[in-house]
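Q: Have a look; sequence and predicted model below, questions after that.
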Amino acid sequence: MLVVGAEHYQLAERMCETITRYTDQQDIILLLGIEELLMEHRLIIRPPADCSAS
């Protein structure tokens, strides 16, 4: 049995919500382009930063 704390559970919930919003926005981007998204949604869609950069 795996036990996680409340903070880890909440983080996992937020990640699932973000992934769901991301996939929902993909259709809009394909049809209208990223310019039609709200700035809040553009931040979700933008490419991730390179974590290995120093």
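A: Perfect, thanks for sending it.

Q: Next one, pLDDT for L11 please.
A: Looking at L11, its pLDDT reads 91.

Q: got a list of what A12 touches?
A: By CB atoms under 8 Å, 6 or more residues apart in numbering, the residues touching A12 are V4. Any C-beta I mention is one placed from the backbone N, CA and C, and that applies to glycine too.

Q: Helix or strand: which one has it?
A: helix 6-32 (DSSP states H and E).

Q: which parts of that helix are buried?
A: Judged by neighbour count using 16 or more other CB atoms under 10 Å, the buried positions of helix 6-32 are Q25.

Q: Stretch 30-42: end-to-end distance?
A: By CA to CA, to the nearest Å, the extent of stretch 30-42 from end to end equals 14 Å.

Q: Start at 13, not 1
A: Got it, first residue is 13 now, which makes that one stretch 42-54.

Q: residues in contact with it?
A: R33, Q37, I40, I41, I57.

Q: Of these, which one scores lowest on pLDDT?
A: I57 (70).

Q: The residue nearest the centre of the chain and A18: what is the separation?
A: In the chain, the C-alpha nearest the mean C-alpha coordinate belongs to T30, at 3.7 Å (CA atoms, centre = their mean). Counting by CB to CB, to the nearest Å, the gap from T30 to A18 is 19 Å.
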